[in-house]
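Engineer: From the sequence below, what's the structure:
(2 chains)
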Amino acid sequence: GENVEQHPSTLSVQEGDSAVIKCTYSDSASNYFPWYKQELGKRPQLIIDIRSNVGEKKDQRIAVTLNKTAKHFSLHITETQPEDSAVYFCAASIRSGGYQKVTFGTGTKLQVIP
Amino acid sequence: SAVISQKPSRDICQRGTSLTIQCQVDSQVTMMFWYRQQPGQSLTLIATANQGSEATYESGFVIDKFPISRPNLTFSTLTVSNMSPEDSSIYLCSVDSTASTDTQYFGPGTRLTVL
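Structural biologist: Okay, here's the model as predicted:
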C-alpha cells in the first residue's frame, strides 16, 4: 500500500519567517495530495490541495509544490503568523473503487514564535 | 463543504464495554470514512462505509471489533467493541466532498478514554 513520509516532525520559526514541510510518497498511482491543518483539540481542516497534473499551487501565504518524478511534495508557508501554529498533515490519495483512499503523513508540529 | 457532527464528543468508558459513535451529515454523501487518531499520532483509516453495502476494512481492523452501520446517505455509526485501554483515541468520521469526490472533510471527532 501507499506509504507517506513527512519531515520534519517539529518545526519552530520566528514570526514572519517561512516554513517548509516536505513529504514523499511511494505509489506512483497517487493522484491527489491534500494538506490538513489540525489545531489542538480540533478536527483536521483542509488548507490546500494539488492534483497530479499540476506542479504548483498557491493560495495567499500558502503554496504547495509537487514533483511526480521524485514522488515528493512540499508545503510552503510564507510570512508566518502565530495563528499558523498547529500540526500539519500531508496526504497522498489513490482512486480505488470509486473513491479516493487517503494515506496521511506522520505530521509536523509547527510553532511560530512571536 | 458539508456540515458534519459526531456524538458523543467525548466519553470515558470501562474496559470490556462497547461504545457507539454517531456521524451525521447535513447533505447526502456517497462515501463516509472512519479514522482513528491515537494520542499525538497521525490519522489511520479504519474502514470505508458505502450506503447499502458492507463496510470495507483496512488491514489491522476487523468487523467484530469495529462494526459499522450506514443506513442512509447522511448517517453512519462506528462501534468500538470490548474496549481496552489501547482503544483510547480520537475517532473521526469524514465524508467526500459533494463538489469533488477527491476531497475529504472531517467531523469534530469523538475523544474516547478507556479505563
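
Engineer: Name the residues of stretch B:23-40 that are buried.
Structural biologist: For stretch B:23-40, a neighbour-count test (16 or more other CB atoms under 10 Å in any protein chain shown) marks B:23, B:25, B:29, B:31-37 as buried. For glycine as for every other residue, the C-beta is placed from the backbone atoms N, C-alpha and C.

Engineer: How far does it sit from its chain's centre?
Structural biologist: 5 Å (CA atoms, centre = their mean, to the nearest Å).

Engineer: sorry, back to before: give me the subset of the buried residues of stretch B:23-40 that lies in strands.
Structural biologist: Residues of the buried residues of stretch B:23-40 located in strands (DSSP state E): B:23, B:25, B:31-37.

Engineer: Among those residues, which one sits closest to B:Asn82?
Structural biologist: Comparing these against B:Asn82 with CB to CB picks out B:Arg36 as the nearest, at 15.8 Å.

Engineer: wait, that closest one sits on B:Ser88?
Structural biologist: No - judged on CB atoms under 8 Å, B:Arg36 makes no contact with B:Ser88 at a distance of 10.3 Å.

Engineer: Look at the spatially most central residue of chain B and report its pLDDT.
Structural biologist: Geometric centre of chain B, nearest residue: B:Trp34, 3.3 Å, by CA atoms, centre = their mean. Note for B:Trp34: predicted pLDDT of 98.

Engineer: what do you get for the one 3 residues further on?
Structural biologist: As summarised for this prediction, B:Gln37 has a pLDDT of 98.

Engineer: What is the burial count for A:Pro44?
Structural biologist: 28 (other CB atoms under 10 Å in any protein chain shown).

Engineer: how close does it sit to B:Thr20?
Structural biologist: 23 Å (CB to CB, to the nearest Å).

Engineer: how about low-confidence regions in the chain?
Structural biologist: Using chain A here. Applying pLDDT under 70 to chain A flags no residue at all.

Engineer: Oops, wrong one, chain B.
Structural biologist: In chain B (pLDDT under 70), the answer is B:98-101.
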